[in-house]
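Peer 1: A structural model of the following input is requested.
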Amino acid sequence: MRVVVDAQILRRRIDALLRYLALLRPFAAVERALFAADAPQHHLAERYLHLAAECAIDIANHLISDAGFEAPDTYRAAFEILARHGVVSADLAARLQRWAGFRNILVHAYLDVDHGLAHDAITRDLRDLEELAAVAAERL
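Peer 2: So this is what the prediction gives:
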């Protein structure tokens, strides 16, 4: 297995992603409707979701750059490129592409975020980001 050129950069992104995931887990214990109705709670959680998605995108782009793969033209494309080159499975890439789309909603459509969907992401989809962190950690 090839070792990444700048392991420190990749390690910092992985560590940050894992920290954000740890901060998000307690929100899963909150009932969905209560979470959606509590602005301070869902806004904080959505910021952590945004930062976790940013870490995932940074990790993907680091892996792409390090391997010399073609440059992505969108955040979603970064995960597609990783799948095409066998770094992640096609299934994981598809799930991570949804994270890229969710990141865009959190950043650009923040006035219209469905807070219940944010709760769903916390309760059902954090494992996608954990899987990416594990794949990236294997490359260190």
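Peer 1: Going by length in residues, pull out the top helix of the protein.
Peer 2: With secondary structure taken from DSSP state H, the chain has its longest helix at helix 39-67.
Peer 1: Just the buried residues of that helix, please?
Peer 2: Using 16 or more other CB atoms under 10 Å as the test for burial, helix 39-67 gives 41-42, 45-46, 48-64, 66. Heads up, the C-betas are built off the backbone N, CA and C, glycines and all.
Peer 1: Kindly report the same for stretch 87-95.
Peer 2: Residues Val87, Val88, Leu92, Ala93, Arg95 are the ones in stretch 87-95 that count as buried (16+ other CB under 10 Å).
Peer 1: How about the residue nearest the centre of the chain, nearest residue that isn't a chain neighbour?
Peer 2: Of all residues in the chain, the one closest to the mean position by CA atoms, centre = their mean is Ala53, 3.2 Å from it. Excluding the flanking residues, the one nearest Ala53 by CB to CB, 6 or more residues apart in numbering is Arg103, at 3.7 Å.
Peer 1: Where do the helices of this structure begin and end?
Peer 2: 7-24, 32-37, 39-67, 75-84, 90-108, 115-124, 126-138.
Peer 1: got the contact list for the first one?
Peer 2: The contact list for helix 7-24, computed with CB atoms under 8 Å, 6 or more residues apart in numbering, reads 4, 45, 48-49, 51-52, 55-56, 58-59, 62-63, 66, 122, 126, 129-130, 132-133, 136-137, 139-140.
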